[in-house]
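Visitor: any chance you can model this:
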Amino acid sequence: MTAEMTEQAAWDAHDRKDFQEAARIWESLIASAASGTARDALRSNYCYALVGLQRFDEARRIYQELYEKTGSHIDLHQLGMVAREAGEYDRALALFEEEHSMLQGGHPLARAANLYERGLVQGLLGHREEALQLAENCLALSKKTDNPVMHGCAWRLLGDLYRSANPKRARDHYVQARAAFAQANDQVASSDIDSRMQSLI
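Guide: Numbers count the residues shown, from 1 in each chain. Alright, predicted model coming up:
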């Protein structure tokens, strides 16, 4: 395998929004996978490139197959992500609600990620009050984890929900999100936050 055919190279291409190149690398990695388990993990990652290319049906088929094989809430979560990206917000919400029913008790990071997606989709559906409550719950739960990316996502969602109604408050949330993403050394997310702040009224 060449140095160019690595998982990091695929993610780098994804970050550049070169989804065609990312897909090509994932396909090469999948073809040379050493085991079925490794192949499934690579196929899951490959779906991010498929979503970027708006090949939603292909991504959905892969995640559905993986979910039927594993019964894991992670694959169900990814099915919701595909539906959200495809603009199928009601379906996405139903999938995330189903995942929520699987996450009682522990798993604070998984529950925070689920709250984030439900809040995001409620916002996309125009249900701002429901979205705000979910986003606040997401932030509170994310603070119980040591995952700065999750913290950043929670703050970013709150910023997005306040953009129109209260730009100053939105900016305050974005500042918190920017700090969290910087702590995670996530340059793509940090740059995205910078753009959001610059575009505030």
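
Visitor: just the element for His14, please.
Guide: helix 7-15 (DSSP states H and E).

Visitor: what's that helix in contact with?
Guide: 3, 19, 21-22, 25-26, 29, 42, 45, 48-49, 52, 188 (CB atoms under 8 Å, 6 or more residues apart in numbering). All C-beta atoms are positioned from the backbone trio N, CA, C, and that covers glycine.

Visitor: now do it: distance to the chain's middle.
Guide: 16 Å (CA atoms, centre = their mean, to the nearest Å).

Visitor: what's the following helix or strand after that helix?
Guide: The element immediately downstream of helix 7-15 (helix or strand, assigned by DSSP H and E) is helix 19-31.

Visitor: any idea of the mean pLDDT for the following helix or strand past that following helix?
Guide: Moving toward the C-terminus from helix 19-31, the next helix or strand (DSSP H and E) is helix 36-52. The average pLDDT for helix 36-52 rounds to 97.

Visitor: and for stretch 131-149?
Guide: For stretch 131-149, the per-residue pLDDT values average out at 96.

Visitor: for it, buried residues please.
Guide: For stretch 131-149, a neighbour-count test (16 or more other CB atoms under 10 Å) marks 131-132, 134-139, 141-142, 145, 147-149 as buried.

Visitor: Ile193 contacts Phe181, correct?
Guide: Yes - Ile193 is in contact with Phe181 according to CB atoms under 8 Å; the separation is 6.3 Å.
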